[in-house]
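[1] Dropping a prediction and its sequence here:
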Amino acid sequence: WCPGWKRGVPPGAEEGPVLSVCAKYAGVLKQASDMCRWVGNDLNATRYQRLYERVSKAIQSVFWNEERGFFMENVVDSSYGSQLGNAYAILSGAAAPEQYESLRRVFLEGNLPSASYMGMFFVRMAWDRLGIYDYKKLFDPYREMLDYGLSTWAEDPVYWRSLCHGYSAHPLVDCVTILLGIKPVVPGAARVSIQPRFDLLESAGGALMTPHGAVSVSWRCDSKGIEKNAKVEIPDGVVAVFTDSSGCQRNLSAGRHEFNVP
């Protein structure tokens, strides 16, 4: 939830529908449709897809505020939006690509009520989709927690009611899926996409565990900071597409690969 939401309930929830719930519902419908199709249940895949399209269309009709350039959180206050609700709208696909530019502007202005530590997991993914991911800001609250002497992560940025919450550890997910850029493309991870964010760190390394073994990626800049020496290891049973900062792609089969990228 966001700071200021009483017991996690978005403002306006008693008067009508709220974006955070509707957009999350749309995202779950899309995921359910994809899962059904993957296992061959085309009947329910089509059923969920049609319902997803109806809900997404309703989100556009009810919540999008063209003048302000964001999705409203509720139907009673057209001036109120939230990071979390707009992140859900982006991630669910309810937000149209032509709305991304105004959503980028709104997020960068920083005037939307911020999400809790858990909610920032979804906000970060939305930022990544919008192309405005800020790796350094990701760790600001964690530096603050370390300054207070915590060795585990707080529940939220307001009450710190609990100081050991697993969902606040989502930067670990970001390190693998955004920084290293390793993401499964199909269920079971027989195909993966690798698109490292070389612009964020001079050197990094890590791995994503799959049923086939670890997909590992590392890089280090040269002394002039111009080229990066990248190393990738792909386990048997997995193929990968590696995309560098210039958009150039390489198809990688199982084995160890080493090359320089700009």
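    The structure has been received and is ready for your questions.
[2] Looks like residue 92 contacts residue 21 (just checking).
    No - when contacts are counted by CB atoms under 8 Å, residue 92 is not listed as touching residue 21 (11.5 Å). C-beta: built from backbone N, CA, C; applies to glycine.
[3] Secondary structure element for residue 57, which one?
    Counting by DSSP states H and E, the element that carries residue 57 is helix 42-63.
[4] What residues of that helix count as buried?
    By neighbour count with 16 or more other CB atoms under 10 Å, helix 42-63 contains the buried residues 45, 48-49, 51-53, 55-56, 59, 63.
[5] same question, stretch 249-262
    By 16+ other CB under 10 Å, the buried positions in stretch 249-262 come out as 252, 257, 261.
[6] same check, this time on stretch 181-190
    Residues 181-182, 184, 189 are the ones in stretch 181-190 that count as buried (16+ other CB under 10 Å).
[7] and of the residues you listed, the nearest to residue 248?
    Each of the buried residues of stretch 181-190 was checked against residue 248 using CB to CB; the closest is residue 181, at 14.0 Å.
[8] can you tell me which residues contact the residue lying closest to that closest one once chain neighbours are set aside?
    Among residues not flanking residue 181 along the chain, residue 195 sits closest, at 3.9 Å (CB to CB, 6 or more residues apart in numbering). For residue 195, the contact set (CB atoms under 8 Å, 6 or more residues apart in numbering) comprises 181, 183, 242-243.
[9] which two from those end up farthest apart in space?
    183 and 242 (12.0 Å).
[10] what sits in contact with each of these two?
    Overlap between the neighbourhoods of residue 183 and residue 242 consists of 194-195, taking contacts as CB under 8 Å, 6+ apart.
[11] From residue 182, how far out is residue 239?
    Shown here: residue 239 relative to residue 182, a distance of 13 Å by CB to CB, to the nearest Å.
[12] which residues are in contact with both of these two?
    Common contacts of residue 239 and residue 182, defined by CB under 8 Å, 6+ apart, comprise residue 192.
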